[in-house]
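J.: What follows is a predicted structure for the sequence shown.
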Amino acid sequence: MKTRDVPHTPKRVLFVCIGNSCRSQMAEAFARAYGDGVLTPSSAGVYPADIIAPDTVRAMAEKKLKLDGQFPKSIEQVDRSVFDLIIDMSGELESE
């Protein structure tokens, strides 16, 4: 029996942490690098910082991953309804 090629739509994933300056930014970058074709990642914060933490940028550079185009943003700035999965990395996000 021959299997049919079923078109695969990448899952839209939102990583959320408190400041969107460390954990969620790193998760977004790793997902972009290693989840290509499987995930379409984004990130946001409950209380977003002004910048991505310099230590985060350095740590990701050590892994040869860039954060180009990424910036801290509020969870209020993103349309949560478009995501297939929201991963709360903060312990602060309340369910609706």
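T.: In hand now; what should we look at?
J.: Show me where the protein has its helices.
T.: Using DSSP state H, the helices of the chain run over residues 23-34, 54-62.
J.: Report the rounded mean pLDDT for the shortest one.
T.: The average of the pLDDT scores along helix 54-62 is 97.
J.: and that helix, how far from the chain's centre?
T.: Here helix 54-62 is found 16 Å from its chain centre; the criterion is C-alpha atoms, centre = their mean, to the nearest Å.
J.: What sits closest to residue 23 if chain neighbours are left out?
T.: Nearest non-adjacent residue to residue 23, counting by C-beta to C-beta, 6 or more residues apart in numbering: residue 17, 4.2 Å away. For every residue, glycine as well, the C-beta is placed using N, CA and C.
J.: tally of neighbours for residue 43?
T.: By other C-beta atoms under 10 Å, the residues close to residue 43 number 29.
J.: cool, residue 47 as well?
T.: Neighbours of residue 47 using other C-beta under 10 Å come to 14.
J.: again, but for residue 82
T.: 10.
J.: pLDDT below threshold where in this structure?
T.: Scanning the chain for pLDDT under 70 picks out the ranges 1-7, 92-96.
J.: can we see that at 90?
T.: Scanning the chain with the threshold set as pLDDT under 90 gives 1-8, 36, 66, 68, 90-96.
J.: and residue 50, how far is that from residue 27?
T.: Using C-beta to C-beta, to the nearest Å, we find residue 50 at a distance of 20 Å from residue 27.
J.: what about the two, which has more around it?
T.: residue 27 (19 against 8).
J.: pretty sure the more buried one is touching residue 39, no?
T.: No - if you go by C-beta atoms under 8 Å, residue 27 and residue 39 don't touch, sitting 10.2 Å apart.
J.: Strands of the protein, start to end?
T.: Using DSSP state E, the strands of the chain run over residues 11-17, 39-45, 85-88.
J.: for the ones you listed, which one sits closest to residue 23?
T.: Nearest of the strands of the chain to residue 23, taken as C-beta to C-beta: strand 11-17 at 4.2 Å.
J.: got the buried residues for the closest one?
T.: By 16 or more other C-beta atoms under 10 Å, the buried positions in strand 11-17 come out as 13-17.
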